[in-house]
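**Q** Curious how this folds, go ahead:
(2 chains)
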Amino acid sequence: MELYELESVVSSSSLRFRRWTMIAYSICESPPTPPKVLRLGFSVWARNPPKDYLSIYPKAAEEARKRAGSQNVSLCALVDDVWPMVALSRTRKEQQNISDRFVALLPDLGFHEIHLVSDFVKDTALGAYLPHATRVTASEFWKLLPQSKKTISDNLTLNEILGFLWHIHVLEIALGEFRLTGLLVGIRSEFFYLMTRKLLPPHDVYFVNTS
Amino acid sequence: MKRFDQQFLARDSESWVGMEVDELVDFLLPKCQEVITTNRLRQKISEHPTLKVKFGIDPTASEIHIGHVVPIMLLRQFAKAGHHIDFIIGDFTARVGDPTARDTGRVPLSPEQIVKNMETYTSQIGKYIDLRMLHIHHNAKWLNPMTLQEIFAIFQQINLSEAMQREDFRARMRNEQAVSLAEVCYGVLMGIDSVHLGTHVEIGGIDQLLNFQQCRKIMRQSGMDKEVILMTPILEGTSGDGKKMSKSYGNYVAVNATHEDKFGKIMSIPDRLISQYFRCFADVHQRELEELDAFIKENPLEAKKQLATLIVATETQHIEDGLRERESFERKFSQKNIHNEDCVELTEDASTTILDALLKSGQFKSKGELRRLFEQQGVRSVSEDGDTILSPEIVISKVNGVVRVGKRRFFQFVTI
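**A** Predicted structure coming up:
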């Protein structure tokens, strides 16, 4: 496992990384007094639970705790059981089966809390999340899209924007509802989580390289 | 002398219910800069005895000018012909911000601003169209509660690159100006309005073309017949410099202006705009255009007076109101017969300069504005024998009679 430390927090365009090993770092400057308990959110939704991949995150969370000088860390898994039903056209039953497997597996891997999005996001109407779109420019969005997506841009639809807005909405509620101090994320989702820093209440983001 | 003002105003009270398709289209077309498409328009009118006609506005400003009224006058024609008018108040889309014809992003409005703006907006357009003929809808009612599934199904039909590559967006991006993601979605939201209402015909300014194209696409992809689009021109402002009518350019005629002010401002438009203004504000038939244009060419001053009379009278539906303003205008500006009630009376010490006296009147924004008027020889004492240009240093005891400042403001001085 390789992880990256962010050296600059001036702006998303000036972010630079250097190689590091086995440590997740916040893109925030450390607060003057580290919180006694680090409460980190980790969002997962798309696939069947890939055990090996997920087990990296509890380890990274523990590293993040050490780096932050905290006494304890709580890692909350946010299992999105709403978006994949829509985006992947899963039936309620199919989604239920997958969600059940996540709920059963994640505590064994070291996640301390498991929250299903359908349990804490009650407002799924357009009016709840579209207003976020007024604060993100098309250029920013395009720049932050991963190269893999840009190469198939002819096939992309406006649902790229919708997924982005939905996820922002979920994280906004989770940050408040579960008093999260930060988010633990894969480095490949960098584009998205840099935007959450702009749109959502203050929180740390810890990038983990899972490749 | 041909009286187009009276002829056109008399049409205001006509009912066009049951009018032949071609006849109606011939009244509609003079108001349109572009129709997509005229053949489909004829077909739709033939197929639907009661067309569903949509017009939407985002209540972005509390005060409107007559440029905003241009599509309303077209809407009014459909209403007269007995069609169903869906008037959309974009209380949801206003939160997103219409990107049309903007070189910068629009500031999204708060719900409170929207409500406030709508109150004043409807009272203003009520001068031109009977509000009882409108079916008023707020699009937040159906857009706000749309589920993730519903919006996903629509968004997946729209290519992201295409939506972001609109010419107006590209121009803004080239100039390093922001285009928000919400603006990228705006046309789709308008399309959802059309699908929701089952719109047959949509009306708007020509600057809405790109949004309308999105509407038609969404309708087609929803399995509906595409709406026909009637686009009105963007009214050129009164100054004649080619700029659109806009509050920020100061070349506008406010809907809430006094009749006197409206009449005077219409009289200040260049002759080449008379025909366009007639088409926008009167029910002109295609076959009358040639005669109207020939009349304007022959008698531009008279045509302009008739236009101004018509615009004032359209508001009240009484030709007498327009004629009264015409009479007053001719008395003041042709006969130079200024009455006391035409003037603002200023009482000042005899040694006060005219510049200071006028500044104290509170009628001018700044000393700079007044100085410019003096420099442009726009401050004159008026008499039947001719005007005298005044300089700013002259004291008011030396000023005789009525003073005209700019085109239409009159003052009388009383010395202490």
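**Q** how about the residues of chain B near chain A?
**A** Contact residues, chain B versus chain A (Cβ under 8 Å from any Cβ of the partner chain): B:92, B:95-97, B:108, B:140, B:143-149, B:151-152, B:155-161, B:163-164, B:169, B:173, B:178-185, B:188. Just so you know, the C-beta spots here come from the backbone N, C-alpha and C atoms, and that holds for glycine as well.
**Q** Of those residues, just the buried ones, ChimeraX syntax please.
**A** Selecting only the buried entries of those in ChimeraX, with 16 or more other Cβ atoms under 10 Å in any protein chain shown as the criterion:
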select /B:92,95,96,97,108,140,143,144,146,148,151,152,155,157,158,160,163,164,169,173,179,180,181,182,183,184,185,188
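**Q** got the contact list for the spatially closest residue to B:L289 that is not a sequence neighbour?
**A** Spatial nearest neighbour of B:L289, excluding adjacent residues (Cβ to Cβ, 6 or more residues apart in numbering or on different chains): B:P30 at 6.2 Å. Taking Cβ atoms under 8 Å, 6 or more residues apart in numbering or on different chains, we find B:P30 in contact with B:279, B:284-286, B:289.
**Q** Quick check: B:P30 is in a helix.
**A** Yes - counting by DSSP: H, G, I helix; E, B strand; the rest coil, B:P30 falls inside a helix.
**Q** Next, work out how far apart B:G82 and B:S46 are.
**A** Look at B:G82 and B:S46: by Cβ to Cβ, to the nearest Å, they are 14 Å apart.
**Q** Comparing the two, which residue is more hemmed in?
**A** Using other Cβ atoms under 10 Å in any protein chain shown as the criterion, B:G82 and B:S46 rank with B:G82 on top: 15 against 10.
**Q** Look at that one and give its secondary structure.
**A** With three-state DSSP as the criterion, B:G82 reads coil.
**Q** Which helix or strand contains the most centrally placed residue in chain B?
**A** When Cα atoms, centre = their mean is applied to chain B, the residue found nearest the centroid is B:G67 (1.6 Å). Here B:G67, judged by DSSP states H and E, is contained in helix B:66-80.
**Q** What parts of chain A come near chain B?
**A** Residues of chain A lying near chain B (Cβ under 8 Å from any Cβ): A:82-83, A:86-87, A:124-127, A:130-131, A:133-139, A:141-142, A:153-154, A:156-162, A:164-166.
**Q** swap the cut-off to 7 Å and go again
**A** Taking Cβ under 7 Å from any Cβ of the partner chain as the contact definition, chain A meets chain B at A:82, A:86-87, A:124-127, A:130-131, A:133-134, A:136-139, A:141-142, A:153-154, A:156-162, A:166.
**Q** Weed out the non-buried ones from these.
**A** Applying 16+ other Cβ under 10 Å to these flags A:82, A:86-87, A:124-126, A:130-131, A:133-134, A:136-139, A:141-142, A:156-162, A:166 as buried.
**Q** among those residues, which are in helices?
**A** The members of these that map onto helices under DSSP state H are A:86-87, A:126, A:138-139, A:141-142, A:159-162, A:166.
**Q** Taking those together, which two end up most distant?
**A** By the measure Cβ to Cβ, A:V86 and A:S139 form the most distant pair in these, at 27.0 Å.
**Q** quick one: whichever helix or strand B:I136 is part of to helix B:66-80, angle?
**A** Using DSSP H and E, B:I136 sits within strand B:134-138. Per axes from the mean of the first three to the mean of the last three Cα atoms, to 10 degrees, the angle that strand B:134-138 makes with helix B:66-80 is 120 degrees.
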